[in-house]
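> Sequence first, predicted coordinates after that:
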Amino acid sequence: QVQLVESGGGLVQAGGSLRLSCAASGRAAMGWFRQAPGKECDIVAAISWSGGRTYYADSVKGRFTISRDNAKNTVYLQMNSLKPEDTAVYYCAARTSISTVTIHTSRYEYTYWGQGTQVTVSS
């Protein structure tokens, strides 16, 4: 069983930064997803258990960074140069994994989900 607790969302002006955190117990590959009103839940970034492999959606490459500190059981999403189109509810997700290098980019591959945290970027 993996329990996920997210924090760090909020309201920020365009061009600003936020850092999301996800406290995750257990050994798992992790992902961040987001869902804007009326839109699909899409992958933002993913990271392997070891942290050695990462994936980013094209829309956030160069602006967002996913990382993890396994000693603290925490995964982070550093979001810089935020745009109004980044406004969404952000979810962290986990899939327990024996592999240290596997990443997952489909929401259907993830078993555990956080409650979501709202990120609003004003123009």
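Good, I have the coordinates.
> For the residue nearest to the spatial centre of the chain, give me its contacts.
The C-alpha lying nearest the average C-alpha coordinate of the chain belongs to Trp32 (C-alpha atoms, centre = their mean; 2.2 Å). By C-beta atoms under 8 Å, 6 or more residues apart in numbering, the residues touching Trp32 are 20, 22, 43-46, 66, 75, 77, 90-93. For glycine as for every other residue, the C-beta is placed from the backbone atoms N, C-alpha and C.
> now, which of the residues you listed sits nearest Gln115?
Proximity of these to Gln115 (C-beta to C-beta) peaks at Tyr91, which lies at 8.0 Å.
> So the closest one sits against Glu6, correct?
Yes. Contact status for Tyr91 versus Glu6: in contact at 7.3 Å, counting by C-beta atoms under 8 Å.
> any residues in contact with both of the two?
114-117.
> looking at it, Ala88 is touching Arg34, isn't it?
Yes. Between Ala88 and Arg34 there is a contact under C-beta under 8 Å: 3.8 Å.
> all strands of this protein, in order?
Ranges of strands in the chain, per DSSP state E, are 4-7, 10-13, 18-24, 28-35, 41-47, 54-56, 64-69, 74-79, 88-96, 112-113, 117-122.
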